[in-house]
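Q: Whatever this is, show me its structure:
(one chain, ligands or ions: 2)
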Amino acid sequence: MGVKTAKATYIIQNSLGEGGFGSVYEVIQKNTKKKFAMKVEKHQKNKHLLLQMEVYILNVMEESEKRIWFTKLVDKGCYANDGYSFIIIEILGPSLYELKNRSAPFLFSTSTGLSVIQQCLFACEQIHHQGIVHRDIKPGNFACGLNDRKNIIFMIDFGIARRIVDGNGKMKEFRTGLAFKGTPKFASLTCHQRNDIGFKDDIESLLYMLCDLISRKGLPWKNEYDEQIIMKMKEIAWSDIGSLFNGLECCKELSDIFNYIIRLKYSDDLDYLFISKQRILACKNHGEDITAPFDWENNIINGSENNKLSIDIEDGNDQKYLLSDRQELIIIKLLIIKN
Ligand SMILES: Nc1ncnc2c1ncn2[C@@H]1O[C@H](COP(=O)(O)OP(=O)(O)OP(=O)(O)O)[C@@H](O)[C@H]1O
Ligand SMILES: [Mg+2]
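A: Ligands and ions are numbered 1, 2, ... in the order given. The predicted model follows:
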């Protein structure tokens with residue numbers, strides 16, 4: 001079976017994933033034989049197409065300088081009679097959700113979790129710089145790249161993203177009494193309270209995601225499905241931030257980030273460098289080997305040192321960090337911020 005656009009024909013292969021709003025398939029472009037991913041959304045009466053937002057965000061990010069953490073929008077099409085629309089995007093590897101659940105103990109090592117989260121933070125920072133909040137930060141919405149991009153963690157799924165800063169740099173007005181949007185397990189407390197989500201809320205979700213990925217105890221509400229109960233449990237966690245990261249050696253550094261985030265308001269700017277530095281300290285203070293390959297790469301490279309390139313960087317405060325090639329992106333970024 002295939003789909004056609006003005007540009008090309010795509011042959012549908014296997015399913016790559018099912019989401020709340022549509023399905024994602026692997027497709028092959030008929031002429032070039034190149035593989036892509038196709039995200040399909042069924043049209044629903046009186047409902048706004050979420051793929052439209054996806055197209056909008058991917059185009060915005062494509063035009064931005066730092067598009068490392070975003071897939072390229074290759075093509076798009078619509079079968080109005082059959083009632084669906086689709087986009088063709090770069091194909092990625094498994095999502096963090098899948099990678100985590102592949103094998104026991106169904107957790108990432110702290111070093112992998114801290115490395116991954118840094119890239120997710122950069123991705124958040126990049127869309128935030130465009131005035132956009134993602135609003136559904138969770139492990140299923142980040143996926144690793146393939147081949148020469150296998151060390152990049154991509155941000156995906158912009159269906160419920162929202163622009164909160166207009167073209168003149170003015171923040172949209174803060175709204176209350178909204179409907180719940182997102183995923184209860186990872187949603188920020190503000191979102192549960194039906195208030196408008198700002199940039200800091202994406203980072204709050206990122207911290208819940210980190211806890212989910214590396215803490216043996218997991219999120220306190222991991223077995224709850226009732227959104228209101230989860231909200232209450234988050235309120236309790238907010239009154240004792242350390243409790244979220246208890247059991248982790250880097251509990252203090254992560255709690256410091258959390259304490260910083262929960263003090264922020266909707267319209268506040270974020271200090272991304274502070275968060276990055278706390279993350280680096282978390283690795284450094286507890287001897288986490290951030291030069292190690294990602295957990296899921298271990299099977300492939302079998303502990304080989306071959307693709308590692310170690311570099312020393314200084315952060316301007318006589319702090320030195322040893323980084324691998326995987327972290328090169330981070331070095332570049334830190335240097336950009338420094339200069
Ligand atoms: N470009 C891609 N390459 C490979 N797999 C992908 C790609 N995009 C999405 N997927 C897979 O499909 C799943 C669902 O995609 P996506 O999150 O975009 O859909 P969704 O319907 O908006 O999801 P949900 O509502 O559950 O968050 C992802 O978790 C991922 O496993
Ligand atoms: Mg998704």
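
Q: make it CA atoms for all contacts and neighbour counts henceforth
A: OK.

Q: Remind me what the longest helix belonging to the chain packs against, helices and strands.
A: The residue-count maximum for a helix in the chain (DSSP state H) belongs to helix 110-129. If you count contacts as 3 or more Cα pairs under 8 Å, 6 or more residues apart in numbering; DSSP states H and E, helix 110-129 packs onto strand 153-155, helix 199-214, helix 272-285.

Q: could I get those as JSON lines with mean pLDDT, mean neighbour count and distance to S95?
A: Listed next are the helices and strands packed on helix 110-129 as JSON lines, based on pLDDT from 0 to 100; neighbours: other Cα atoms under 10 Å; distance: least, Cα to Cα, whole Å:
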{"stretch": "strand 153-155", "mean pLDDT": "97", "mean neighbour count": "26", "distance to S95": "9"}
{"stretch": "helix 199-214", "mean pLDDT": "98", "mean neighbour count": "24", "distance to S95": "12"}
{"stretch": "helix 272-285", "mean pLDDT": "90", "mean neighbour count": "17", "distance to S95": "22"}
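
Q: which ones are touching the residue nearest to I117 when sequence neighbours are not counted?
A: Counting by Cα to Cα, 6 or more residues apart in numbering, I117 lies nearest to L210, which is 6.7 Å off, once chain neighbours are set aside. Residues near L210 by Cα atoms under 8 Å, 6 or more residues apart in numbering: G113, L114, I117.

Q: Could you identify the buried members of those?
A: Neighbour-count burial (16 or more other Cα atoms under 10 Å) applied to those gives G113, L114, I117.

Q: Let's have those residues in CSV, adding distance to ligand 1 and pLDDT.
A: As requested, the buried ones among the contacts of L210 are exported to CSV (distance: Cα to the nearest ligand atom, whole Å; pLDDT from 0 to 100):
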residue, distance to ligand 1, pLDDT
G113, 18, 94
L114, 20, 93
I117, 17, 94
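
Q: Give me the neighbour count for the residue of the chain found nearest ligand 1.
A: Closest residue of the chain to ligand 1, Cα to the nearest ligand atom: G19 (2.9 Å). The number of residues packed around G19, counting by other Cα atoms under 10 Å, is 12.

Q: can you check K7 too?
A: If you count neighbours by other Cα under 10 Å, K7 ends up with 10.

Q: next one: E65
A: Neighbour count for E65, taken as other Cα under 10 Å: 8.

Q: Up against ligand 1, what does the protein have?
A: Neighbours of ligand 1 within the chain, by Cα under 6 Å from any ligand atom: 16-22, 24, 37, 89-95, 140-141, 156-157, 159.

Q: Could you list which of these belong to strands?
A: Counting by DSSP state E, the part of the residues of the chain next to ligand 1 found in strands is L16, G17, E18, V24, A37, I89.

Q: biggest separation within those, which pair?
A: Checking those against each other with Cα to Cα, the farthest-apart pair comes out as E18 and I89, at 15.6 Å.

Q: Compare the two and say which is more crowded by neighbours.
A: Per other Cα under 10 Å, whichever of E18 and I89 has more neighbours is I89, with 22 against 12.

Q: For the more buried one, give the beta-bridge partners.
A: Beta-bridge pairing of I89 under DSSP bridges involves A37, L73.

Q: show me the contacts for it.
A: Counting by Cα under 8 Å, 6+ apart, I89 makes contact with F36, A37, M38, K39, T71, K72, L73, V74, D75.

Q: Test my guess that the second one contacts Q29.
A: The one in question is A37. No - using Cα atoms under 8 Å, A37 and Q29 do not qualify as a contacting pair, with a distance of 10.2 Å.

Q: okay, these two: which has more neighbours?
A: Taking other Cα under 10 Å, A37 and Q29 do not tie; A37 has more neighbours (24 against 18).

Q: what about A179, neighbour count?
A: 12.

Q: And K150, by the same measure?
A: Neighbour tally, K150, other Cα under 10 Å: 15.

Q: quick one: contacts for it?
A: Counting by Cα under 8 Å, 6+ apart, K150 has contacts G93, C144.

Q: again, only using 10 Å
A: Contacts for K150 were tallied using Cα atoms under 10 Å, 6 or more residues apart in numbering; they are L92, G93, A143, C144, E297, R326.

Q: The second one and I156 touch, don't they?
A: So that's G93. No - G93 sits out of contact with I156 when judged by Cα atoms under 10 Å, with a separation of 11.8 Å.

Q: so what's in contact with those two at the same time?
A: Taking Cα under 10 Å, 6+ apart as the criterion, G93 and I156 both touch F142, A143.

Q: Which one's more surrounded, those two?
A: I156 (21 against 18).

Q: on that earlier part again, quick one, phi/psi of the residue of the chain closest to ligand 1?
A: phi -120, psi -180 (degrees, to the nearest 10).

Q: what pLDDT, on average, does the strand or helix carrying I12 get?
A: Per DSSP states H and E: I12 is located in strand 9-18. If you average the pLDDT over strand 9-18, you get 94.

Q: Which strands or helices does that strand pack on?
A: When contacts are defined as 3 or more Cα pairs under 10 Å, 6 or more residues apart in numbering; DSSP states H and E, strand 9-18 sits against strand 2-4, strand 23-29, strand 35-42.

Q: could you dump those strands to a markdown table with mean pLDDT and distance to S64?
A: Formatted as a markdown table, the helices and strands packed on strand 9-18 follow (pLDDT from 0 to 100; distance: least, Cα to Cα, whole Å):
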| stretch | mean pLDDT | distance to S64 |
| --- | --- | --- |
| strand 2-4 | 92 | 29 |
| strand 23-29 | 96 | 25 |
| strand 35-42 | 96 | 22 |
